[in-house]
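Undergrad: Build me a model:
(3 chains)
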Amino acid sequence: MAILEVENLKTHYYIGDKPVYAVDDVSFTIDRNETLGLAGESGCGKTTTAYSILRILPANGKIVEGSVKLDGEDLVTKSMEEMRKIRWKKASIVFQYAMNAFNPVLRIGRQIVEVIQEKEGGSEQAAALTVAGLFEEVGLEPSRIDDYPHEFSGGMLQRAIIAQALSCDPRLIIADEPVTALDVIVQNKILDLLRKLQAKYNLAVLFITHDLSVVAENCTQVGIMYAGNLMELGSATSVFKESLHPYTYKLIGAFPSVTGPKRRLEFIPGTPPNLMKPPPGCTFHPRCPYAQDICSKELPKFEEISNGHYARCHFAGQLEFGGEE
Amino acid sequence: MASSKPILEVKNLKKWFPVRSGFFSFFGEQRYVKAVDDVSFEVPEGGSICIVGESGCGKTTLARTILRLVEPTGGEVYFEGENIYDKTRGELAELRLQMQLIFQNPFEVLDPRLTIETLVGEGLHIHNLEEDPQVVRERVFKALEAVRLVPARNFASRYTHELSGGQLQRVAIARSLIFEPKLVIADEPVSMLDASIRTEVMNLMTDLQKDFGHTYIFITHDLAQARYIGDFCIVMYLGRIAEMGPMETVILDPIHPYTKALVSNIPVPDPTEQRDRIFLEGETPTPIDLPEGCRFKPRCQAYSDTYCKPEEPNLIEVSPGHWVACYAP
Amino acid sequence: MALRTTVGTRRYIVNRVVQTLIIWFLIVTLNFIIFRIMPGDPRASIIEQGMPPELRQAIVERFGLDKTLLEQYVLYIVALFQGDMGFSFSHFTEPVWETIFGFRFTNTFVLMGASMLVAIIIGMVMGVVAAARRGSKIDTGSTVVFLVAYSMPVFWIGLLILLYLGFNFGLIPLAGTITRGVEHANFIEYAADYLHHMIGPWIVLTLSFIGGFYLIMRDSVLDVFTQDYILAAEAKGLKERTILYGHAMRNAMLPMISVIAVNMPFLISGATMTEFVFSWSGLGLLTYDSVLAADYPVLQGVFLFLATITVISNFIADMLYLRLDPRITY
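TA: Residues are numbered from 1 along each chain as shown, chains lettered A, B, ... in the order given. Modelled structure (predicted):
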């Protein structure tokens, strides 16, 4: 059974009375020991999706439709107090800027102890012992438990953040751009650590990033978002090698590589739409080289095209990429 | 490369920042952050050079020192054969028109209260290059067209908030190109931009070079990006050049253990590709209190007492144009 | 948590002490110069027409005004370190030290202390609550109330309070610090009478202080709320109380400290009006009277006192920062 099931999730922000369609009809599932990479460019709704799951949206954000089932329990219908108790106990989140995710004036150990005591109860000593164990597990000196955040390097902080994320034995970890601020060598060490811990604790991981190269190397499943919609979803190999959506194909082609022959990179003319006034029909049609009349009139359905490989495109499976222009 | 005559020569450039330690710091030895520590290289005219490295390797300080935005601790920089550190303030101001800098974040560079036309054209007024408003306008329109913000007339009257990040970066480029510089130093010019827009800007910059014939120095942390945009690569580690050479050679066939590790760690947008990662111990330290000899020694896997000498390794030309600072065979 | 006593930190503290002393010494010097270059002759207030020339000469000599400026300066410094700030012109040649630090300092200190303490506590707590409930009725309500209190002239509220609470309802005395002509049986009775007199000025001062503290705290907390670690704390499912008082308030207090320190002299001089309205015999009233009486020695003493307070409170603020913000290391 899937640990996380997101179904037809719609989250809108409100500016005055006007909705911003930040997340519009997103569905996916994540199994234990599985990593779903949710990728897309800035403003595509990937972070809003993550915040919707934990329900830590800003005051003007609202889940208007859909369900988020964690271990079979629907989180959307929970009260805020119930939700507060579920957070970190069942699902935790790793933020992009580890430097800012710890309170700068409190000791790191103290901050992790605080959340353990809040969630699991128990004495401060017991919690401190747990933290020391976690530090060891993520490759930090347990003796540095009393350090302040600014005394850690970027990589060490990211390790401490992971230790904190694991501190209450969650089923799901949401990693929101967990390595974007780090240099590549440290980045890979952190990703290796995350993979190792995932296997050990059978975690479901929702991995959010704008970097498709990182997705390619770290995720078993991939979802590509654009303008609030999930455009394509499937195994990493099928999404990268047999892309169904023109946006996916173009976006992957925009990432340069250090291996293989040097090739021309793709780009997509134009800019993503204003989500207060999304275009009619498919949100990608104004930038799509394959757009037909129907694309500007009807919103394509999110459909399974081949086994476990979904796309939201009228012509999914019928397009030949690479030959045009 | 268009010609072998160097437009820029950097010789033994050093930029050390003193470590601040309060009023009474004259007691005890002054310590330094050796952000740039004895760097020499040449930039051929019409070339497009990439300086790559991790954060804190000194690449940005190097760019700033080359432009003399900060004064060097030692060394020389020759632009078209003349040492820029010998120049007076006035001469330097003139010279800077020939050496333009493009920043990472166009939002921070472009004043939101000015129109695009003013932003692109104001430099001509400031430097008294052009008086006639009609001519300025024509040159602004030409620059905007060159960076493909067309029709230029429509963009000229807009403000920065009406433009996307990619368009703004093109405005920043137009603002530099209006002087028709000989050298453009671009510090992470596309890092802030989304992937689908990034290529467009990179392609544009390459195309502009064909039209205007200027030389590029790109500063970037992303080797894959560097490979796409540059033809010569300089890899820096802790303020020093570890390896430099033709781009494809450095990326596909690196020699320095650090370059090897760096390249092996760059993620590749292909889930089917299996690559061997070279694991490096620890994190890159700050360049204060560096180890004796090779500064990469503490993390180096190729280190050996038999061939690594106690003094700092110098760059050695291993094949034409390919230089490596390493003792390992 | 003790001060982190690394070598660097200790050196910083020593640096800061030396710096504070140097600044204080400069202020002392400036204080000397200002009163020498001011227009008007201080002697004019004592020397009257028709005084015999010998007496005039005696006064000039008595105050050392026949000496050179440098000699006067040296005398001034030496005397200052002996606690001698000269004699008041208007208070029957009482030593300035006593004029300031006798009962007047205590009166101001007690009044200011009580008002500041209450204003800071209420201002901070309400600031945190208002920020946490931004846009709610509590937020709007308290912002309006405190802003109005903040912007109303002190003498006007003072007069209103005197008129209603004092004159109409007779709840508070109209003037002074204690009831005149009453022999208090013991200290408790004396204190009760004193506090009774303090109610009026205390309300006025507290009201005038609270708005500033409230607004700074509210702003500062709102700023902290935009920080990632607050979102992280929320994602961790911590209780709202823990987030507000364990995380947000501590960080938001940092700007508060420097604002209080820098504004110390303004707060004290702001009390002048209140002391005047309620005839509260403190430093504010003393300053007012001394200006009218051209009592230069006392004014000089008061200014020096205010400057000293400012320098000291800034020093204390730096030390508090060092203690509250672990990022500051030297």
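
Undergrad: Angles on the backbone of the residue in the stretch 51-200 of chain A positioned nearest to chain B, please.
TA: At 4.0 Å from chain B, A:D183 is the closest residue in the stretch 51-200 of chain A, using Cβ to the nearest Cβ. Any C-beta I mention is one placed from the backbone N, CA and C, and that applies to glycine too. Main-chain dihedrals, A:D183, degrees, to the nearest 10: phi -70, psi 150.

Undergrad: What lies in contact with stretch B:211-218?
TA: The contact list for stretch B:211-218 (Cβ atoms under 8 Å, 6 or more residues apart in numbering or on different chains) reads B:2, B:7-8, B:43-51, B:63, B:66, B:146, B:177, B:180-186, B:189, B:205, B:208-209, B:226, B:229-230.

Undergrad: in the chain, which spans are strands?
TA: Using chain A. With strands called from DSSP state E, chain A shows them at A:4-15, A:18-30, A:35-39, A:61-70, A:73-74, A:91-94, A:172-176, A:204-209, A:221-226, A:229-235, A:302-306, A:309-312.

Undergrad: For chain C, find the nearest of those.
TA: Comparing these by their distance to chain C (Cβ to the nearest Cβ), the top pick is strand A:91-94, with 4.9 Å.

Undergrad: Now do the same contact list for residue 229.
TA: Just so you know, I chose chain A. With Cβ under 8 Å, 6+ apart, A:N229 has these contacts: A:D24, A:D25, A:V26, A:G45, A:T283, A:F302, A:R312.

Undergrad: wait, chain C
TA: A:N100, A:A101, A:F102, A:N103, A:P104, C:H247.

Undergrad: Can you tell me which of those residues lies closest to C:Y214?
TA: C:Y214 lies nearest to C:H247 out of those, by Cβ to Cβ, at 20.0 Å.

Undergrad: quick check: longest helix of chain C.
TA: Secondary structure of chain C read by DSSP state H shows that its longest helix is helix C:187-225.

Undergrad: Which secondary structure elements does it sit against?
TA: Helices and strands touching helix C:187-225, by 3 or more Cβ pairs under 8 Å, 6 or more residues apart in numbering or on different chains; DSSP states H and E, are helix C:103-132, helix C:137-151, helix C:154-161, helix C:249-277.

Undergrad: got the buried residues for that helix?
TA: C:193-194, C:197-218, C:220-222, C:224-225 (16 or more other Cβ atoms under 10 Å in any protein chain shown).

Undergrad: With stretch C:135-142 instead?
TA: Buried, per 16+ other Cβ under 10 Å, within stretch C:135-142: C:D139, C:S142.

Undergrad: in chain B, which ranges drop under the pLDDT threshold?
TA: B:1-4, B:20-29 (pLDDT under 70).

Undergrad: Let's see that with 80 instead.
TA: Applying pLDDT under 80 to chain B picks out residues B:1-5, B:19-30, B:282-283, B:287, B:289, B:329.

Undergrad: State the number of residues packed around residue 38.
TA: Using chain A. Applying other Cβ atoms under 10 Å in any protein chain shown, we find 29 residues neighbouring A:L38.

Undergrad: right idea, wrong chain: chain C
TA: 11.

Undergrad: which residues touch A:D176?
TA: Neighbouring residues of A:D176 by Cβ under 8 Å, 6+ apart: A:T47, A:A50, A:I93, A:V94, A:F95, A:Q96, A:I208.

Undergrad: Over to B:H161?
TA: B:P112.

Undergrad: Where does it sit: helix, strand or coil?
TA: Of the three states, B:H161 takes helix under DSSP: H, G, I helix; E, B strand; the rest coil.

Undergrad: And for B:V235?
TA: Classification of B:V235 by three-state DSSP places it in strand.

Undergrad: My guess is it contacts B:M244. True?
TA: Yes: with contact defined as Cβ atoms under 8 Å, B:V235 counts as touching B:M244 (6.7 Å).

Undergrad: how about the residues of the stretch 101-250 of chain A that lie near chain B?
TA: Residues of the stretch 101-250 of chain A lying close to chain B by Cβ under 8 Å from any Cβ of the partner chain are A:153-156, A:183-189, A:210-214, A:216-217, A:219, A:236-237, A:240-241, A:250.

Undergrad: Contacts only, for the closest residue to chain C within the stretch 201-329 of chain B.
TA: Nearest residue of the stretch 201-329 of chain B to chain C (Cβ to the nearest Cβ) works out as B:I288 at 14.6 Å. Neighbouring residues of B:I288 by Cβ under 8 Å, 6+ apart: B:V19, B:R31, B:Y32, B:V33, B:K34.
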